[in-house]
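Enquirer: Sequence and predicted structure, then a few things I'm wondering about:
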Amino acid sequence: MKKTILVLFGVLFFLVPLILWPFTSEVFEFNKMVLVYILTTLIVAVWAARSVTEGKLIFRRTMLDIPLLVFLGSQLISTVLSIDPQTSWLGYYSRFNGGFASTACYSLLFWAFVSNLERKDVYTIFSRSFFPGAVLVSLYGVAEHYGIDKNLWVQDVQKRVFSTLGQPNWLAAWLISLMPITWAFMLKNKLTLNFSSLKDSRFFLYFSLFVLFFWTFIFTRSRSGLVGFAVALGIFLLGLLWIKGKEVRKNLREIGLVLISIVIITAISGTQFTLGISSLLKHSAPPVVEEVQGPALETGGTESGAIRRIVWKGALDIWANYPVFGTGVETFAFSYYKFRPPAHNLVSEWDFIYNKAHNEFLNMAANSGTVGLLSYLILIGFSIYLFFAKLKNPESGILNLAFLSGYLSLQVTNFFGFSVVPTQLMFFLLPALSVGLDSEEKDTGGRKTTLSNGRKTVIAIVAVFAFILLYSISKYWYADVLFNKGKSYGDVQRHEAGIPYLKGAIALMRNQAIYHNELSGAYASVAVSENSKKNTEKTISFAEQAVEESDKAVSLSPANLNIKRTRFGVFIMLSIIDPNFLIAARDTLTLAIAQAPTDAKLHYHLGLTYARSGQPEPAVETLKKTIELKPNYKDARLALAILLIDQNQKAEAAEQLNYILTYIDPADSLTIQTLESIK
């Protein structure tokens, strides 16, 4: 059974970074998270069966047990008290990593690893799982840079590769955590320049791995990654000096080769701040720092550092208002808008959804409060101490130094971003690998254990329970496939064709609010279509179903602002059928604004809704409030000007129009025509 656990961990480390599936709603993270759920279930089931077989609880105590339990407990309490428990259990939909279920899985994987595997298994994991998987990820990343899949993505993947991880910063963070391990193996197989020796062969194998990983890393053009790599390299070199003292001179050849290779690769390929030789030869312009995929913070426009400061301020305000346990695990996308700084309206990504604080520590503080943040920091502190305490170990000191360097690099990249499935695995399992280096089980002589009927029954119960969990995970995954299919039909305005898929997704996952939300929009679109065909019976039926599904979505996730945005859109569509739905649209926006008082777009749509429902005075006041929140909001100023013209307030209308032409868009034809009409 130990071998089975080792194989399953090997599959985990090999496949998680690699796996993706284009037919789910999120191509990368969702499938990686589902794979973690599946493998955790299998590993824990085999671990339990092994304990039953041997007639004892197989559990190895470590210094991280209490910190890990405290952190897990803080996440559980935060989940129970969450403003949106469904999100806290499984994670924010489209992100997935970070929900309580994922944290529980990572914790169980830590304990399963340290309790069942030993020193030789750690080396097996690296040679047969970690490194082969990383090679495939990196080779694909390099090929991506040279255009292998340039037509598959909206993003310019040749400028900033993301390989199978889905975002350049995530790939960079994961590779940085691995590179120090290649340095440790290089030092373990000291370079002798006797090229026929086995040690030299191994040295150049690990050196080649490092070169490949670093080359791929350079192609990510990740700024946070550069800082993380500098920290990893600095910690490794300082740690090496501390461990070996004057003896470090014996490793100058290996260290020098690593440093020279860094300089050469950087000189050839360049960075986001410097031209490479290849660019100079092509006479190309300097590389542009461009965040090409992921949350709005990473997609260009306003400088990302400026946006981070705004988002971080919002996170701090959430923490100040929910200081103990936060708003709930992974609920930042809901809580942020209550405390969103008005300055956010003035950046280029002002109307994007922010589901992370783009700082793992502030994200933890906002979602899990002081208790969650402190327990997280304590866990990090104990993990660092775990590595540090073993640096002088002659057998494993250098490898523990590599783990420490990679672990600290993760904290740096997480400070400027957030964890994802592959990096979170490293966060929890690098300490487990370190513990495993000190574990060596005694040979039992291959004795077989005869199982009693009672033990067989317990193992059968474990197997049944594991099967039920695997079935539930499979339903969760397949529901998303159906949801994505239904949503894809909606994206091309084939809503009626998508409805059966959305209903199928709901049949599998009845409590998933976004499924009901999407179905509501589909029903509303079909109702409008049937209304245009004068099919009264179908129009009424689909309209009623649209409202019913929207009600379910809101009841399942009342804190989800996006659902209220969709609900507003549903009522606006249905107002074509019955103008009374404008009242429901107005009331929905009023509730949404209570959750997001500084969201200029919500105020703008409320102003338009007042205008459409024949309430010009509140419409004008609401649009004025919109402009206070976002002075450069062209559409709001133009709408306000048109309302003022209708009220014969031409001077004030002209003031709004002149503002647009002076400060926002001097060439806007509609504004020019409107201004000329009142002169």
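Expert: Looks like it arrived, so ask away.

Enquirer: contacts, neighbours, all on C-alpha from now
Expert: Will do.

Enquirer: what sits up against stretch 414-430?
Expert: The contact list for stretch 414-430, computed with Cα atoms under 8 Å, 6 or more residues apart in numbering, reads 16-17, 29, 32-33, 95, 97-98, 106-107, 109-110, 170, 173-174, 177, 224, 356-361, 403, 407, 410.

Enquirer: Which stretches in the stretch 501-650 of the chain count as helices?
Expert: Counting by DSSP state H, counting those that start in this stretch, the stretch 501-650 of the chain forms helices over residues 513-532, 536-556, 561-574, 581-595, 600-612, 616-629, 634-646, 650-659, given from the N-terminal end onward.

Enquirer: Nearest to Ser488, out of the ones you listed?
Expert: With respect to Ser488, and counting by Cα to Cα, the nearest of these is helix 513-532 at 10.8 Å.

Enquirer: tell me the angle that closest one makes with helix 536-556.
Expert: In this structure, helix 513-532 runs at an angle of 160 degrees to helix 536-556, with axes from the mean of the first three to the mean of the last three Cα atoms, to 10 degrees as the basis.

Enquirer: Go through the helices of the stretch 501-650 of the chain and pick out the most buried.
Expert: Compared across those, helix 513-532 shows the largest average neighbour count, a mean of 24 (mean count of other Cα atoms under 10 Å).

Enquirer: helices or strands up against that one?
Expert: helix 453-491, helix 495-508, helix 536-556, helix 561-574 (3 or more Cα pairs under 8 Å, 6 or more residues apart in numbering; DSSP states H and E).

Enquirer: Could you dump those into TSV and include distance to Ile593 and mean pLDDT?
Expert: Conversion of the helices and strands packed on helix 513-532 to TSV gives the following (distance: least, Cα to Cα, whole Å; pLDDT from 0 to 100):
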stretch	distance to Ile593	mean pLDDT
helix 453-491	27	95
helix 495-508	29	97
helix 536-556	15	96
helix 561-574	9	96
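
Enquirer: Serialize those helices to a markdown table and add fields for distance to Phe418.
Expert: Converted to a markdown table, those look like this (distance: least, Cα to Cα, whole Å):
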| stretch | distance to Phe418 |
| --- | --- |
| helix 453-491 | 24 |
| helix 495-508 | 29 |
| helix 536-556 | 27 |
| helix 561-574 | 22 |
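
Enquirer: so which of these gets nearest Leu198?
Expert: Among the helices and strands packed on helix 513-532, helix 453-491 comes nearest to Leu198, with 44.2 Å by Cα to Cα.

Enquirer: And the closest one, how far out from the chain middle?
Expert: In terms of Cα atoms, centre = their mean, to the nearest Å, the gap separating the centre of helix 453-491 from the centre of its chain is 23 Å.

Enquirer: for it, packing partners?
Expert: Counting contacts by 3+ Cα pairs under 8 Å, 6+ apart, helix 453-491 is packed against helix 29-54, helix 495-508, helix 513-532.

Enquirer: Now for this protein, the helix or strand with the poorest mean pLDDT.
Expert: Ranking every helix and strand in the chain by mean pLDDT, DSSP states H and E puts helix 277-281 at the bottom, with a mean of 67.

Enquirer: Return the set of buried residues in the very next helix or strand once past that one.
Expert: Going down the chain from helix 277-281, the next helix or strand is helix 304-321, by DSSP states H and E. For helix 304-321, a neighbour-count test (16 or more other Cα atoms under 10 Å) marks 304, 307-308, 310-319 as buried.
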